[in-house]
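Chemist: quick one: sequence plus predicted model below, questions after.
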Amino acid sequence: MTAPSPAATLIQQAQAALQRRDPAGAQSLLLQAEAAGPPSIELHMARALTCRVTGDLPGAVAALDAALAIEPYTFM
């Protein structure tokens, strides 16, 4: 079994930060994840949720668009 990538670990930590009601911490971790690895659907979906929680609806839509650009059938 392989260990998760650094970006995947940061995304998991960001999701945990959101569960703790720490969207600023989640956003910081997602920026680190973005720098640590290639874009992924998981990254963009976590960013969309973080943006939605903070009231940044245009940012949430942009993140969803980025996820769909990677995999257009994600939501089907």
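Modeler: Perfect, thanks for sending it. Numbering: from 1, shown residues only.
Chemist: my read: residue 30 touches residue 43, true?
Modeler: Yes. Applying Cβ atoms under 8 Å as the test, residue 30 and residue 43 come out as touching, 6.6 Å apart. For every residue, glycine as well, the C-beta is placed using N, CA and C.
Chemist: could you tell me which residues touch both of those two?
Modeler: residue 11 (Cβ atoms under 8 Å, 6 or more residues apart in numbering).
Chemist: the residue nearest to residue 41 when sequence neighbours are not counted and residue 2, how far apart?
Modeler: Spatial nearest neighbour of residue 41, chain neighbours left out: residue 67 (4.9 Å); criterion: Cβ to Cβ, 6 or more residues apart in numbering. To residue 2, residue 67 is 24 Å away according to Cβ to Cβ, to the nearest Å.
Chemist: give me the below-cutoff pLDDT ranges for this structure.
Modeler: 76 (pLDDT under 70).
Chemist: show me the strands in it, by range?
Modeler: For the chain, no strands are identified by DSSP state E.
Chemist: please identify which of residue 67 and residue 2 sits among more neighbours.
Modeler: Taking other Cβ atoms under 10 Å, residue 67 and residue 2 do not tie; residue 67 has more neighbours (22 against 4).
Chemist: check contacts around residue 23.
Modeler: Residues near residue 23 by Cβ under 8 Å, 6+ apart: 17, 50, 53-54.
Chemist: what's the answer for residue 11, then?
Modeler: 29-30, 33, 40, 42-43, 46.
Chemist: which non-adjacent residue is nearest residue 49?
Modeler: In space, residue 49 is closest to residue 18, 6.5 Å off (Cβ to Cβ, 6+ apart).
Chemist: count the residues that sit near the one you found.
Modeler: Number of residues near residue 18 (other Cβ under 10 Å) recorded here: 18.
Chemist: then residue 57?
Modeler: The number of residues packed around residue 57, counting by other Cβ under 10 Å, is 11.
Chemist: before we move on, what about residue 31?
Modeler: Other residues lying near residue 31 total 13 when counted by other Cβ under 10 Å.
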